[in-house]
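Enquirer: Here's my sequence, what's the structure:
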Amino acid sequence: MPSPSSSITAKSFNRIRQYYPKALMQCTAQAAAYAQCLEQNDLHNIRKNICDEQFQQLKICFQKAMKNSSK
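Expert: A predicted model of the protein is given here:
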């Protein structure tokens, strides 16, 4: 019998796997802006928070999309 924590992890993983593609389709502009920022700032020399504004926008979009998808 799996432990409660592994059960929660499995549920989270399955939820992400089920809804992530839908969320990504709803957040293409934010994902593109984040990717473009990373590309412009040299992928081999990435520093913490270098594209934080774009990342936060993508994160907010994903959270909203995941919340709406699970209803």
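
Enquirer: wait, Ala33 sits on Gln54?
Expert: Yes - shown here, Ala33 and Gln54 form a contact pair, counting by CB atoms under 8 Å, at 4.8 Å. For every residue, glycine as well, the C-beta is placed using N, CA and C.

Enquirer: intersection of neighbour lists for those two?
Expert: Counting by CB atoms under 8 Å, 6 or more residues apart in numbering, Ala33 and Gln54 have no contacts in common.

Enquirer: And stretch 54-69, what's buried?
Expert: Buried residues in stretch 54-69, counted by 16 or more other CB atoms under 10 Å: Gln54, Phe55, Gln57, Leu58, Cys61, Phe62, Ala65, Met66.

Enquirer: For the closest residue to the fifth one other than its chain neighbours, give me the pLDDT.
Expert: Once its chain neighbours are removed from consideration, Cys61 has its nearest residue in Cys27; the separation is 3.9 Å (CB to CB, 6 or more residues apart in numbering). At Cys27 the predicted local confidence, pLDDT, stands at 94.

Enquirer: Thought Ala65 was touching Cys27, still the case?
Expert: Yes - counting by CB under 8 Å, Cys27 does reach Ala65; the two are 6.0 Å apart.

Enquirer: and Ala32, how many neighbours?
Expert: 12 (other CB atoms under 10 Å).

Enquirer: Counting by contacts, list what the strand or helix carrying it packs against.
Expert: Element membership of Ala32, judged by DSSP states H and E, is helix 28-40. If contacts are counted by 3 or more CB pairs under 8 Å, 6 or more residues apart in numbering; DSSP states H and E, helix 28-40 sits against helix 52-69.

Enquirer: Need the CA coordinates for the helix it packs on. PDB is fine.
Expert: These are the backbone C-alpha positions of helix 52-69, laid out as PDB (Å, rounded to 0.1, in the frame of the first residue of the first chain):
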ATOM      1  CA  ASP A  52      11.700  36.900 -13.500                       C
ATOM      2  CA  GLU A  53       9.000  39.200 -14.900                       C
ATOM      3  CA  GLN A  54       8.300  36.900 -17.800                       C
ATOM      4  CA  PHE A  55       8.500  33.800 -15.600                       C
ATOM      5  CA  GLN A  56       5.900  35.300 -13.100                       C
ATOM      6  CA  GLN A  57       3.500  36.100 -16.000                       C
ATOM      7  CA  LEU A  58       3.900  32.500 -17.300                       C
ATOM      8  CA  LYS A  59       3.400  31.100 -13.800                       C
ATOM      9  CA  ILE A  60       0.200  33.100 -13.200                       C
ATOM     10  CA  CYS A  61      -1.200  32.100 -16.600                       C
ATOM     11  CA  PHE A  62      -0.400  28.400 -15.800                       C
ATOM     12  CA  GLN A  63      -2.000  28.600 -12.400                       C
ATOM     13  CA  LYS A  64      -5.200  30.200 -13.800                       C
ATOM     14  CA  ALA A  65      -5.300  27.700 -16.700                       C
ATOM     15  CA  MET A  66      -4.800  24.700 -14.400                       C
ATOM     16  CA  LYS A  67      -7.400  25.900 -12.000                       C
ATOM     17  CA  ASN A  68      -9.900  26.500 -14.800                       C
ATOM     18  CA  SER A  69      -9.100  23.100 -16.500                       C
END
